[in-house]
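>>> Below are the sequence and a predicted model for it; my questions follow.
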Amino acid sequence: MPGHRACAGCGPAIAYRQILKATRGPTIATNATGCMEVVSTIYPYTSWAIPWIHTAFENVAANASGIEAALRVMRRKGRIKQNHIDVIAFAGDGGTYDIGIQALSGAAERGHDFLYVLYDNEAYMNTGIQRSGGTPHGAWTTTSPAGRVIPGKPEYKKPIADIILAHGIPYVATASPAYWRDLITKTRRGLEVNGPAFLHALAPCPRGWRYDTSKTIEIAKLAVETCVFPLWESIEGKCTLSPPSKVIALKPERQKPVKDYLKTQGRFRHLFKPKFEQVIDEIQDIINKRWKLLLEKAA
């Protein structure tokens with residue numbers, strides 16, 4: 001069946017569409033439990049035209065490792081003729097930052113040749129908008145509610161791409177559906193390297209982030225322009241900024257203030273009340289510090 005059952009304006013669905021345009025031949029996808037697993041394969045229908053496997057929340061990287069290892073053995077025994085059968089593991093932030101990080105770390109350490117795609121909508125959206133390790137500081141979720149004392153999630157977003165980069169794998173990159181050419185190019189690079197590749201794609205969620213469904217790409221672009229989500233890639237350990245973020249590095253006056261990004265989303269609405277306005281300054285401060293570290297890394 002064509003189509004899918006995602007919400008209108010679904011950021012992950014847009015990212016998936018763009019990523020799959022970069023495939024170079026036979027491809028097998030494995031998908032952790034989550035929004036995109038549910039909306040694309042409600043029995044007896046499927047939105048997938050390639051071999052696709054649903055696996056549990058916590059083990060998509062282990063599943064991809066097994067597929068890749070099996071393909072190597074089958075190729076050695078002459079049971080398959082294709083030189084390249086790409087394996088892509090898809091998971092959300094819950095299945096990557098939290099539940100799946102052990103399997104992902106193990107797969108990176110063992111050096112399995114597959115592309116891992118994190119579609120980051122910054123909460124457990126499929127099960128009721130609960131906070132995850134990818135939920136940003138100050139954001140409202142059903143398990144980090146904004147009340148009279150606590151202004152949303154008290155912890156900061158885990159630097160997952162840096163954590164995976166520390167494993168020494170050949171390719172790590174961030175991408176956004178707002179910059180589709182960059183996202184497709186990085187997907188292809190990740191598929192072509194020998195060894196593990198990790199692509200972190202920001203994927204806005206209208207339902208969880210609380211914005212009009214027509215604003216997905218606008219908000220994804222603002223995340224880059226405010227340096228909330230800079231675009232960069234690391235090839236064999238050498239880190240470089242991608243063009244949209246490189247422009248800001250060369251012309252700092254083009255960096256927009258974080259409040260421009262926060263005010264577009266209902267999950268941050270409480271931060272604009274006098275009691276919590278200092279939290280916006282805190283968020284701006286951590287963004288500036290992380291941006292400075294990235295500039296030093298990419299120098």
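Yep, it's here. These numbers come from a predicted model, not from an experiment.

>>> so residue 245 sits right up against residue 230, yeah?
Yes: Residue 245 is within contact range of residue 230, at 4.4 Å (criterion: C-beta atoms under 8 Å). (C-beta placed from N, C-alpha, C; glycine too.)

>>> what residues does the biggest helix by length in the chain touch?
Counting residues, the longest helix found in the chain (DSSP state H) is helix 277-297. Residues from elsewhere that reach helix 277-297 (C-beta atoms under 8 Å, 6 or more residues apart in numbering): 136-138, 151-152, 156, 159, 226-228, 230, 232, 239, 241, 249, 255, 257-259, 262, 271-272.

>>> which residues sit in contact with the closest residue in space to residue 156 that isn't next to it in sequence?
Leaving out its chain neighbours, the residue that sits closest to residue 156 by C-beta to C-beta, 6 or more residues apart in numbering is residue 137, at 4.7 Å. Counting by C-beta under 8 Å, 6+ apart, residue 137 touches 152, 153, 154, 155, 156, 157, 279, 282, 283, 286.

>>> picking that back up, the longest helix of the chain: which residues count as buried?
279, 280, 283, 284, 287, 290, 291, 294, 295 (16 or more other C-beta atoms under 10 Å).

>>> for stretch 28-42, same thing?
Those would be 28-41, for stretch 28-42 by 16+ other C-beta under 10 Å.

>>> ok, those vs residue 59, which is closest?
residue 32 (7.7 Å; C-beta to C-beta).

>>> what bridges to the closest one?
With DSSP bridges as the criterion, residue 32 is bridged to residue 55.

>>> and it, what does it touch?
55, 56, 57, 58, 59, 60, 89, 90, 91, 92, 95, 100.

>>> if we can go back for a sec, got any residues that touch both of residue 245 and residue 230?
residue 224.

>>> re the thing from before, just checking, which of the buried residues of stretch 28-42 belong to strands?
28, 29, 30, 31, 32 (DSSP state E).

>>> What is the nearest of the residues you listed to residue 71?
residue 28 (8.1 Å).

>>> so what pLDDT did the closest one get?
Note for residue 28: predicted pLDDT of 98.

>>> Could you pull up the residues touching the closest residue to it other than its chain neighbours?
Nearest residue to residue 28, sequence neighbours excluded (C-beta to C-beta, 6+ apart): residue 51, at 4.7 Å. With contact set as C-beta under 8 Å, 6+ apart, residue 51 has these partners: 27, 28, 29.

>>> one more time with 10 Å
By C-beta atoms under 10 Å, 6 or more residues apart in numbering, the contact list for residue 51 reads 26, 27, 28, 29, 30, 67, 85, 87.

>>> Isn't the first one up against residue 75?
No: applying C-beta atoms under 10 Å as the test, residue 26 and residue 75 come out as separate, 11.8 Å apart.

>>> phi, psi of the nearest residue to residue 34 once chain neighbours are set aside?
Leaving out its chain neighbours, the residue that sits closest to residue 34 by C-beta to C-beta, 6+ apart is residue 92, at 4.2 Å. As for residue 92, its main-chain torsions (degrees, to the nearest 10) stand at phi -80, psi -170.

>>> separation between residue 92 and residue 263?
25 Å (C-beta to C-beta, to the nearest Å).

>>> Over to residue 202?
Residue 202 is 18 Å from residue 263, by C-beta to C-beta.

>>> Stretch 137-153: which residues count as buried?
Of the residues in stretch 137-153, those buried (16+ other C-beta under 10 Å) are 137, 138, 139, 140, 141, 144, 146, 151, 152, 153.

>>> just those: which has the poorest pLDDT?
residue 151 (91).

>>> Residues in a beta bridge with that residue, which ones?
Here residue 151, judged by DSSP bridges, has bridge partners residue 146.
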